[in-house]
Each structure stands twice: as C-alpha cells, then as structure tokens.
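Chemist: A predicted structure for the sequence below; I have some questions about it.
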Amino acid sequence: MTSLPELYPGFERRVFAVDGARIHTRIGGSGPPLLLLHGYPQTHACWHKVAPELARRHTLIIPDLRGYGDSTVVAADAGTDAYAKRVMARDFVAVMQALGHERFGILCHDRGGRVGYRLALDHPDRVRSLVTLDIVTTLDAWDDIAVDNAVGRFHWMFLARPAPFPETMIGHDRMFFLDYLLSQWTGTKDLSAFDPGALAHYRAAFSRPEVVHATCEDYRAGATIDPRIDAEDRAAGRKIEAPMLALWGGTRKHGFVNRPLDTWRPWCPHVRGEPVECGHFLPEEAPDATLALVMPFLAETLRTG
C-alpha cells in the first residue's frame, strides 16, 4: 500500500471496523459529505481525477469496497451473503456514522453503484442525493441481457460460477484479465484513459488471489441474493426517495446500460440524467464532462441549511 503512487495528496487515510470487515478509506476536502463508491475491477483510486474539484465543495469519503483494494477480504466460508449489496451498504452507513455524518450524498460507479442504490433504498433517511454512473438495477440488468449486449456482459455469468472455476481461470494470468476488461469497457478500447498511478493500484490489488476470489463472491451475490432483494422491493413498491442523477457512457459498444432513464423511473420518481461521451469509466475517461454534470446537481441537492 505505502509503495503505490499517492493519488490523494493531503487526504487522510483511515481504516474503519464494521460488521465483519475493515474498510480502508481516504478522507479529504470540506463541505457537505459525499461518499464515493468504486466498481469492478478497480479500487478507490478511480476517483483521483475528479476528487480535487469535488473536494473544493465537499468532504469526500473514498473507501475501498469490502474485498477490494486494501479493505478486508471476507473469509470464503462466509458465503456470498457477505458480499450482498445490502451488507455492503451497511458497511458505509457505519463508516459515515463513525465520521459523524448522519446524512450524505453518494456518487457511485459500477459495483459501487449497486451498493449506492441499495443504501438509498434500505436507508432513505441517510441519503440526501444519489449519483449513479453507468448502471441500472441488478434485477433490471439481468432481465435485459440479450444477444446484442451479452458479449459485453459475459463477466456477470463467468464470475458468478461456483469457486474455484473463475478464480482458477483468472489466476493463469490475472494482469491479462484485468487489462483486457479495463480496455474493452472504454470508448477507445485501450488503456489510454487510465493514469499509470491508478493502474498500479488496480494491478496491485488484482495481483492478490484473495482479492480475485472476493470480487467473484461479489458477482455471485449479484446473481443470487441481490436480484432477489431487488425483486422484493419492486413487488413492495419501494422507491428511492433521494433526488437522483443517472449518467452513463454514450460511446461504448455492447454497453451495459439500455434505456437507463426509462429503467430508473419506476425506482425513483426524481431521477434525471444523460449520457457522457465516453465508455464505461466516466470519472477517468471524461472527468471534466462528468464534473460538469455532477457538480451542479450536488450543489442543488446537498445545499446546507
């Protein structure tokens, strides 16, 4: 950890003990609190291009999800429920509570987006504002898999296979698998959008077999308990009460998000959003364009007073 490039100069580093895990976190900036949640196969490093501007107006809390980066890898015998997004959401309620933040905004991408919207559904009294990047709900994503997008989503089925199949296959060349996914999900189909320092963080984490296993457990939960909980919420008519901004990559072939606003509206009556001209990794491929949309929304929805 200490030998990796410093991407958040001046930010505090803290570790929080939560139920069953220890969550590694970077904290900096000032203003209304904003929780930033990364996705797969990345770490907290993914926010480094947008963090300086966000930190001018917000107190940023930038953790690694459980099982990712420098946060705890939960024991294999704990089962996939340990990586249910409901459980992971509770991690961050605890982290924010420990910091004295009763209510806060969330900016979240990919798997972190699934934790973010689950937190908003399960703990509506905590979430003042929600920004999701390039996702729809897990239930809707499974329902939407079809011939024209299955190639781009192959990893959902692959990573959810029982252990040790995906772990063994990935283990033959972990860096090839990581770099392949990162490049294929960009608009340019290469690694040019990623800062070498950030890539060093991603590769260091993914070089650890236990992290590969934990991230597979995340996807196993995403194929079992997560869509089941989504379905229960949909049947009960539960809604995201916080104002919500949904952004997505507009140029990625075999993209993950189809009809995102139409998909989100049944879940959130206050959603709005639009595409950003990039692939999947908005904060790194198009940081300025992403900030141009996120900053006004946060200024409106996280006003003090």
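Modeler: Perfect, thanks for sending it.
Chemist: can you show me the helices along the chain?
Modeler: 51-55, 85-98, 110-122, 138-143, 147-150, 154-159, 165-171, 174-184, 196-206, 209-222, 225-236, 260-264, 282-285, 287-301 (DSSP state H).
Chemist: so what touches the third one?
Modeler: Contact partners of helix 110-122, identified using C-beta atoms under 8 Å, 6 or more residues apart in numbering, comprise 35-40, 42, 65, 85-86, 88-90, 92-93, 106-108, 126-127, 130, 132-135, 137-138, 218, 222, 226, 229, 233, 238-242, 244, 267, 280. C-beta coordinates here come from the backbone N, C-alpha and C atoms, glycine included.
Chemist: can you state the direction angle for it and helix 85-98?
Modeler: 80 degrees (axes from the mean of the first three to the mean of the last three C-alpha atoms, to 10 degrees).
Chemist: now helix 110-122, how far from the chain's geometric center?
Modeler: When distances are taken as C-alpha atoms, centre = their mean, to the nearest Å, helix 110-122 is centred 8 Å away from the chain's centroid.
Chemist: please apply the same query to the first one.
Modeler: Chain-centre distance of helix 51-55: 18 Å, with C-alpha atoms, centre = their mean.
Chemist: how about it: buried residues?
Modeler: Using 16 or more other C-beta atoms under 10 Å as the test for burial, helix 51-55 gives 51, 52, 54, 55.
Chemist: and the pLDDT at the first one?
Modeler: By that I understand residue 51. On pLDDT, residue 51 comes in at 98.
Chemist: do the third one as well
Modeler: According to the prediction, residue 54 has pLDDT 98.
Chemist: separation between it and residue 236?
Modeler: As defined by C-beta to C-beta, to the nearest Å, residue 54 lies at a distance of 34 Å from residue 236.
Chemist: quickly note the distance from the most centrally placed residue in the chain to residue 245.
Modeler: Nearest to the geometric centre of the chain sits residue 112, at 1.9 Å (C-alpha atoms, centre = their mean). Counting by C-beta to C-beta, the separation of residue 112 from residue 245 is 15 Å.
Chemist: do residue 168 as well
Modeler: Taken as C-beta to C-beta, the span from residue 168 to residue 245 is 40 Å.
Chemist: ok, now residue 260?
Modeler: For residue 260, the distance to residue 245 - C-beta to C-beta - is 11 Å.
Chemist: can you list residues touching both of those two?
Modeler: In contact with both residue 260 and residue 245: residue 273, using C-beta under 8 Å, 6+ apart.
Chemist: all strands of the stretch 1-150 of the chain, in order?
Modeler: 12-18, 21-29, 33-37, 59-63, 104-109, 127-133 (DSSP state E, counting those that start in this stretch).
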